[in-house]
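S.K.: What shape does this take:
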Amino acid sequence: MLKHAKFSYDKETDKVYFSLREGPTVDSIQVNENIRVEFDEEGNIIGIEISNILNMLTECLSKIVEDALREAIKRK
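M.R.: Numbers count the residues shown, from 1 in each chain. Have a look, this model is predicted:
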């Protein structure tokens, strides 16, 4: 699904938009406070907007690094 996706980042709003296919948005759902999914008239997902992306990435990377450090300490 994301094989041919295009994405853009808006530094001012801290949003990433993944465009999965061309066409107008006729409906959308707010999945959570940071993720909105857009649909075309046939119900296909055409885009995903993620807001607050830098904070989300920071939290995710922090968890990955923390887990890696714990594993490294166990192995030592």
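S.K.: Going by C-alpha atoms from here, please, whenever you check contacts or count neighbours.
M.R.: OK.
S.K.: pLDDT averaged over whichever strand or helix holds residue 73 - what is it?
M.R.: Following DSSP states H and E, one finds residue 73 within helix 53-75. Across helix 53-75, pLDDT averages out at 94.
S.K.: Any buried residues in it, and which?
M.R.: residue 53 (16 or more other Cα atoms under 10 Å).
S.K.: Remind me what it packs against, helices and strands.
M.R.: Counting contacts by 3 or more Cα pairs under 8 Å, 6 or more residues apart in numbering; DSSP states H and E, helix 53-75 is packed against no other helix or strand.
S.K.: From the chain's centroid, how far away is that helix?
M.R.: 18 Å (Cα atoms, centre = their mean, to the nearest Å).
S.K.: So what touches that helix?
M.R.: 14, 15, 16 (Cα atoms under 8 Å, 6 or more residues apart in numbering).
S.K.: In PyMOL, select just the buried ones from the residues you listed.
M.R.: Filtering the contacts of helix 53-75 down to the buried ones (16+ other Cα under 10 Å) takes a single PyMOL command:
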select buried, resi 15+16
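S.K.: State the distance from the spatially most central residue of the chain to residue 39.
M.R.: The centre of the chain sits closest to residue 50, judged by Cα atoms, centre = their mean, with a distance of 4.8 Å. Distance, residue 50 to residue 39, by Cα to Cα, to the nearest Å: 15 Å.
S.K.: again with residue 18
M.R.: Taken as Cα to Cα, the span from residue 18 to residue 39 is 12 Å.
S.K.: Could you tell me which residues touch both of these two?
M.R.: residue 47.
S.K.: Confirm that residue 50 sits in a strand.
M.R.: Yes. Counting by DSSP: H, G, I helix; E, B strand; the rest coil, residue 50 is part of a strand.
S.K.: just to revisit the earlier point, just the ones of the contacts of helix 53-75 in helices?
M.R.: If you go by DSSP state H, the contacts of helix 53-75 have nothing in helices.
S.K.: Could you pick out which of the contacts of helix 53-75 are located in strands?
M.R.: Applying DSSP state E to these, the entries found in strands are 15, 16.
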